[in-house]
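*Asks:* Please work out how this folds:
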Amino acid sequence: MYLRLSELDSLADPKSWASVTLPRPFLVLALVGRGRMSSRMIRRLDLIAAYGRLLALLGVVLATTITFPLHSGSDAWPILIVTAVKIVVDAIPVILLYARSFPDEVAFTFPILDSLFSLILLYLGGPGMLFYCFVPILTLSVRFEWLAGLIDGTLLAAAYWVIVLSKASFAEASSVLAPAILQSFPLILVSALGGLLAENVKNPPAPNVDETEARDAELRRLQAAADRARAIYEMSSMLSVTLDPDKILDAVLEISAVGFEELADAKIVLSNRPAGAVYLYGQDGLYIAAARGISYLEMDLAVKGEQGALSHVLSRAEPLLLDSLADDPELRQYTPFRRCRAAICVPMRAGFELYGAVVFASPTHGVFGEEHVELATAVANQAVVALIVARLYRDLQEEKERIIEVEEETRTRVARDLHDGPTQSIAAIAMRLNFVRLLLDRDPQKAKDELFKLEDLARRTTKEIRTMLFTLHPVVLETQGLKAAVEQLVEGLREPGGPSILLEIEEELEDRLDVNLKAVAWFTTEESLNNAIKHAQAERIWVRMYVEVGSFVVEIEDDGDGFDFEATMLDYDQRGSFGLLNLKERADLVNGRTTIQSVLGEGTLVTLVAPLNPEII
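*Replies:* Here you go, the predicted model:
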């Protein structure tokens, strides 16, 4: 049973050898030469050994035919037959190596077969076959360890002595042994010298001073890159677990400072961290959203970002490395920046949108380089992404709260409408039914008239309930389209003595509107009509829907009393109603805009303008 070389790593302790079924000499050959050569070099040596083996066998054939005459009964035939068998066997590793399936255990099997074949050649062919002994010796010395080649050379030499003595008589032993020793001595010499030469080739010389310095410089560069990557990873991990914008901005300065310390080779110590500030766009230009090393008195100082380093960075959207900020027209108003001797300014952007800039300044000259600029840029870019996520989360929270408020308002409105409308009507129906029951015996004709009135009241109550259900979920909008839904809404709102509602809906409008735009248009119309009917005291209401320059336009106009829109919106959130706000927010859902124009005594105009879907146009 063979042991694969890939399993030999666990055999570094000789105590574990007892559990291996491989014979000890084989195990030694497998263990030597394992650690210093790459798998590619080992494969190349195996291929060279396989070709060298075949060439040596051709040399055996040539030497045999020259030394021994070829005739029946010649001593050459046994040698040629054994050599032919060995050629077939040696062709196996060549085929396996080209097929890239050469097993590791075969690597030390063939030198052993070569050694046995060498002994057969020495016994059959005499000293003329000593040259083949160099094949296993050199294979073991180069492929494995020089000691393995030396042991193999010594054993082959000793075996040759035994063969020579076995063929001589006792009286000739002393006379033939000395020449045999001289003939085999090159085997031992070549195994020792060849092995040492192979060891020197496999073990590269120690690097000189220049090579050592170059290697150390490369290691420092790689270490700096690793430190920078670790700093960025830590920053990303920190930003990924927080949705607080203030913590994100503080992390920009903190992680950047830590990264600068790791990159600066102790030039910036903890007690002398660079000052830093994160500038974000506000109403009056750029304001400091987070800072390190800047006094609170200077935190409120805003800049326009139209001059100096900030202007350069924001206009070109690229970082800037500076030696001083003392002459900067905007940043020199901050004391740490005015005293600095090295500075970095990088933009905060996502795509083509700029959010601000980050500035770092140090009183130590030359502490910042390109690697610091790369780190600060990476930190700023990651921070912008985190800020966007935090703002989206905040907007979602606000939208969630708004939806809850709208739902609560809807419940309140439905409850109020039910109480003021159908509930009162049903209560009146119950009272009149009781009154009719009393009249049946006293005045049947009057009871009959009351029943007609009850029927009319029941019909009006049913209409009110259907109108409420239609307002909550207009099924006709999904089945028949916007025009049919608006017509049904208007029909439900028309009452005797109420305002006249005029519809002006452009023909072939349905095919140009998507589902979302239809829904927003319907709810805008419904809310505006209800407001006009309840509060405007109007005589006429116009509903217009048309397309103009790639946009869908909805207008609801009345000639009622009108109202002061600006004054109403000032305290609108305290009124407990969100109807007008809902009009604007629903328009935002379709990238549209809702405007309300109203003048006291002149009526009101509500306009919705939303872009048409280009895929439908």
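
*Asks:* Hmm, R512 and F552 touching each other?
*Replies:* Yes. With contact defined as Cβ atoms under 8 Å, F552 reaches R512; the gap is 7.5 Å. Quick note: C-beta positions are derived from backbone N, CA and C, even for glycine.

*Asks:* any common contacting residues for the two?
*Replies:* Residues touching both F552 and R512 by Cβ atoms under 8 Å, 6 or more residues apart in numbering: L612.

*Asks:* any idea how far S184 is from the closest residue to M129 other than its chain neighbours?
*Replies:* Spatial nearest neighbour of M129, excluding adjacent residues (Cβ to Cβ, 6 or more residues apart in numbering): L121 at 3.7 Å. Counting by Cβ to Cβ, to the nearest Å, the gap from L121 to S184 is 13 Å.

*Asks:* before we move on, what about V384?
*Replies:* 80 Å.

*Asks:* L331 too?
*Replies:* As judged by Cβ to Cβ, L331 and S184 stand 88 Å apart.

*Asks:* Then A567?
*Replies:* Applying Cβ to Cβ to A567 and S184 gives a distance of 120 Å.

*Asks:* of the two, who's got more company?
*Replies:* Between A567 and S184, counted using other Cβ atoms under 10 Å, the more crowded position is S184 (23 against 9).

*Asks:* quick one: the more buried one and L130 touch, right?
*Replies:* Yes. Proximity of S184 to L130 meets the contact threshold set by Cβ under 8 Å, at 6.8 Å.

*Asks:* what sits in contact with each of the two?
*Replies:* Y160.

*Asks:* Find the residue ranges of the stretch 51-200 of the chain scoring beneath the pLDDT cut-off.
*Replies:* For the stretch 51-200 of the chain, the stretches flagged by pLDDT under 70 are 72, 103-105, 195, 199-200.

*Asks:* If you count surrounding residues, which of F552 and R512 has more?
*Replies:* Taking other Cβ under 10 Å, F552 and R512 do not tie; F552 has more neighbours (26 against 14).

*Asks:* And for that one, nearest residue in space, chain neighbours not counted?
*Replies:* Closest residue to F552 apart from its sequence neighbours, by Cβ to Cβ, 6+ apart: A610 at 5.2 Å.

*Asks:* What pairs with the host helix or strand of the one you found, parallel or antiparallel?
*Replies:* Assigned by DSSP states H and E, A610 belongs to strand 603-611. Paired neighbours of strand 603-611 in the sheet (DSSP bridges): strand 551-558 (antiparallel), strand 593-599 (antiparallel).

*Asks:* Show me which residues of that strand are buried.
*Replies:* G603, T604, L605, V606, T607, L608, V609, A610 (16 or more other Cβ atoms under 10 Å).

*Asks:* ok, those vs L97, which is closest?
*Replies:* Ranked by distance to L97 (Cβ to Cβ), the buried residues of strand 603-611 are led by A610 at 73.7 Å.

*Asks:* surely that closest one meets V547?
*Replies:* No. Counting by Cβ under 8 Å, V547 is not a contact partner of A610; they are 10.6 Å apart.

*Asks:* On the three-state scheme, the nearest residue to L482 once chain neighbours are set aside is what?
*Replies:* Nearest residue to L482, sequence neighbours excluded (Cβ to Cβ, 6+ apart): K518, at 4.5 Å. State at K518, reduced to three classes by DSSP: H, G, I helix; E, B strand; the rest coil: helix.

*Asks:* what sits against K518?
*Replies:* Counting by Cβ under 8 Å, 6+ apart, K518 touches L477, G481, L482, A485.

*Asks:* would you turn those into JSON lines with secondary structure, pLDDT and neighbour count?
*Replies:* As requested, the contacts of K518 are exported to JSON lines (DSSP: H, G, I helix; E, B strand; the rest coil; pLDDT from 0 to 100; neighbours: other Cβ atoms under 10 Å):
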{"residue": "L477", "secondary structure": "helix", "pLDDT": "78", "neighbour count": "22"}
{"residue": "G481", "secondary structure": "coil", "pLDDT": "86", "neighbour count": "15"}
{"residue": "L482", "secondary structure": "helix", "pLDDT": "88", "neighbour count": "24"}
{"residue": "A485", "secondary structure": "helix", "pLDDT": "87", "neighbour count": "23"}
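
*Asks:* Distance to W77 added to those residues, as a markdown table?
*Replies:* Listed next are the contacts of K518 as a markdown table, based on distance: Cβ to Cβ, whole Å:
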| residue | distance to W77 |
| --- | --- |
| L477 | 106 |
| G481 | 105 |
| L482 | 107 |
| A485 | 109 |
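
*Asks:* Can you tell me which of those residues lies closest to R460?
*Replies:* A485 (22.1 Å).

*Asks:* Was I right to think the closest one contacts G492?
*Replies:* No. The criterion here is Cβ under 8 Å, and A485 misses it with G492 at 10.8 Å.

*Asks:* Just the buried residues of stretch 73-82, please?
*Replies:* Buried, per 16+ other Cβ under 10 Å, within stretch 73-82: A76, I79, L80, V82.

*Asks:* tell me the secondary structure for the nearest residue to D250 once chain neighbours are set aside?
*Replies:* Using Cβ to Cβ, 6+ apart and skipping residues adjacent in sequence, the residue nearest D250 is A290, 5.4 Å away. Secondary structure, three-state DSSP: A290 is strand.

*Asks:* Name the helix or strand of this protein that has the lowest mean pLDDT.
*Replies:* Between all helices and strands in the chain, the lowest mean by mean pLDDT, DSSP states H and E belongs to helix 24-31, at a mean of 44.

*Asks:* name the helices or strands packed onto the helix or strand just after it?
*Replies:* Sequence order places helix 39-67 as the next helix or strand after helix 24-31, per DSSP H and E. If contacts are counted by 3 or more Cβ pairs under 8 Å, 6 or more residues apart in numbering; DSSP states H and E, helix 39-67 sits against helix 76-98, helix 106-125, helix 134-139.

*Asks:* Distance to I404 for those - can I get that in JSON lines?
*Replies:* Shown next, in JSON lines, are these (distance: least, Cβ to Cβ, whole Å):
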{"stretch": "helix 76-98", "distance to I404": "74"}
{"stretch": "helix 106-125", "distance to I404": "76"}
{"stretch": "helix 134-139", "distance to I404": "83"}
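
*Asks:* For I48, which of those is the nearest?
*Replies:* Closest to I48 of the helices and strands packed on helix 39-67, according to Cβ to Cβ: helix 134-139, at 9.2 Å.

*Asks:* Residue ranges in the stretch 501-617 of the chain under the pLDDT threshold?
*Replies:* Applying pLDDT under 70 to the stretch 501-617 of the chain flags the ranges 571-579, 614-617.

*Asks:* What residues of the host helix or strand of V490 count as buried?
*Replies:* Assignment of secondary structure by DSSP H and E places V490 within helix 482-493. Buried residues in helix 482-493, counted by 16+ other Cβ under 10 Å: L482, K483, A485, V486, E487, Q488, L489, V490, L493.
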